[in-house]
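Student: Show me the folded form of this:
(one chain, ligands or ions: 3)
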Amino acid sequence: MKAVCWHGNRDVRVDNVPDPKIEQPTDAIIRVTATGICGSDLHLYDGFMPTMESGDIIGHEPMGIVEEVGSAVKNLKKGDRVVVPFTISCGDCFFCKKTLFSCCDVSNPNKELAAAAMGHSPAGLFGYSHMLGGFAGGQAEYLRVPYADVGPIKIESSLADEKVLFLSDIFPTGYMAAENAEIEPGDTVAIWGCGPVSQFAIQSAWMMKAGRVIAIDCVPERLQMARDRGRAETIDFSKEDVQERLNEMTGGRGPDRCIDGVGTEAHATGGLDAVVDKAKTALMLGTDRAHALRQAILCCRKGGTVSVPGVYIGMPDKIPMGAFVNKGLTMKGGQTHVQRYLKPLLAMIEKGDIDPSFVITHRRPLAEAPELYKTFRDKEDGCIKVVLTP
Ligand SMILES: NC(=O)c1ccc[n+]([C@@H]2O[C@H](COP(=O)([O-])OP(=O)(O)OC[C@H]3O[C@@H](n4cnc5c(N)ncnc54)[C@H](O)[C@@H]3O)[C@@H](O)[C@H]2O)c1
Ligand SMILES: [Zn+2]
Ligand SMILES: [Zn+2]
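Tutor: Ligands and ions are numbered 1, 2, ... in the order given. Model prediction:
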């Protein structure tokens, strides 16, 4: 089959690789019909994620048709149409039983590697390094889905792929980001980044009765989408000082809730901290550029909440812990517990409350993945979200 394979920094190729096979009785094989490129994939593309190996199949936003199921699979059969969450979860461990699916204790076969870096191992993820399981990813013609009774959600309506595809990741991720922000009715919510994840965080903040949503980025069409589709006020960090502007907009108090939808590859907004980050990551002395997270902590009002859906990898430094403690902030983050959100968010889509396809700017064949990675990374051609079709 054809699959998008990682071969090093800024080098992804569409290779011919062996088709996946059922390996465990709880596996299913799906024929992928649509698959997204995520901001998280850019962390692989840009070489930030350790334990990647040349030839690894990447991608973690797939959906498709079940081709084959293992002997122990009860909920799926050949021909079912499913969306597959990026988190691989056993459904039965201490964490899965608490619906902390991205913390599954069982699904990562390379637990020791992850535990050495993080203290404990999170769940295995599709197409996201050997430290997180070494599972083949979903930017491919076929995908092996472990724990097939726990992850995939069946789509029984005739909704087009592109309306349900983002249940695999970015819609639940934006939603959990807003939930983690502990929004109370009327709150002012500031969201760093206007990428796909933040676009869904904006939508979700309104669902949770935010009074005001302020979105921050520097890419004109992304800011425009936040205004037009997200009814957000916006700040262009390349033109304005974010902290000054947020203080001005909130009478000096700061936003009640701050969401870092940027993660480890934040661009500098003038601060010395960002310049130091850039030098350190370039010299391989650090893995993260945490400028947005630092700014979110500094801008957040006293007693407020900082929610972190943005992915960090190692040990970002210069985090203003003084501000965090003395201002009495709460911080929550995590890879999304996708399985927890599948049914309620699918119900919203089916009712017509939201059409997640609004973020898509590029629909292309899988074969064009290498070009599209570059287009998405460099935000060329107005690119906000890419969907590939095998
Ligand atoms: N927690 C999860 O489960 C989960 C799931 C999906 C994605 N993510 C992460 O969420 C983040 C966003 O994903 P995405 O797909 O929207 O990515 P993206 O790369 O398309 O969007 C990031 C946006 O942040 C903007 N940005 C950069 N520096 C900034 C700064 N200093 N201030 C404000 N904005 C800035 C960029 O211009 C870009 O528009 C990534 O880190 C990704 O890994 C996490
Ligand atoms: Zn993702
Ligand atoms: Zn589990």
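Student: Residue in the stretch 51-200 of the chain with the shortest distance to ligand 1?
Tutor: Gly195 (2.1 Å; C-beta to the nearest ligand atom). All C-beta atoms are positioned from the backbone trio N, CA, C, and that covers glycine.
Student: Contact partners for that residue?
Tutor: 39, 217, 222, 261-262, 384 (C-beta atoms under 8 Å, 6 or more residues apart in numbering).
Student: Check those and tell me the two furthest apart.
Tutor: The span of those, defined through C-beta to C-beta, is set by Val262 and Ile384 at 14.6 Å.
Student: Please work out which residues outside the helix or strand of the chain with the lowest mean pLDDT touch it.
Tutor: Least confident helix or strand, the chain: helix 272-282 with a mean of 75, by mean pLDDT, DSSP states H and E. Residues from elsewhere that reach helix 272-282 (C-beta under 8 Å, 6+ apart): 48, 266-268, 286-291, 294, 316, 318.
Student: Roughly how far does Leu366 sit from Val386?
Tutor: Remark: distance between Leu366 and Val386 (C-beta to C-beta, to the nearest Å) = 11 Å.
Student: and those two? which has more neighbours close in?
Tutor: Set Leu366 next to Val386 and count neighbours by other C-beta atoms under 10 Å: Val386 wins out with 24 against 21.
Student: Enumerate every residue touching the more buried one.
Tutor: Val386 neighbours (C-beta under 8 Å, 6+ apart): 36-37, 360-364, 372, 375-376.
Student: ranking those by neighbours, who comes first?
Tutor: Ranked by the number of neighbours (other C-beta under 10 Å), those place Ile37 first, at 29 neighbours.
Student: For the nearest residue to that one once chain neighbours are set aside, grab phi and psi.
Tutor: In space, and not counting its chain neighbours, Ile37 is closest to Val386: 4.4 Å by C-beta to C-beta, 6 or more residues apart in numbering. Dihedral pair for Val386: phi -110, psi 130, per degrees, to the nearest 10.
Student: separation between Val386 and Lys77?
Tutor: Distance from Val386 to Lys77, by C-beta to C-beta: 31 Å.
Student: do the same with Phe135
Tutor: The value you get for Phe135 to Lys77, if C-beta to C-beta is used, is 23 Å.
Student: hang on, the earlier thing: what residues are bridge-paired with the residue nearest to Ile37?
Tutor: In this entry, Val386 is beta-bridged to Ile37, His362, by DSSP bridges.
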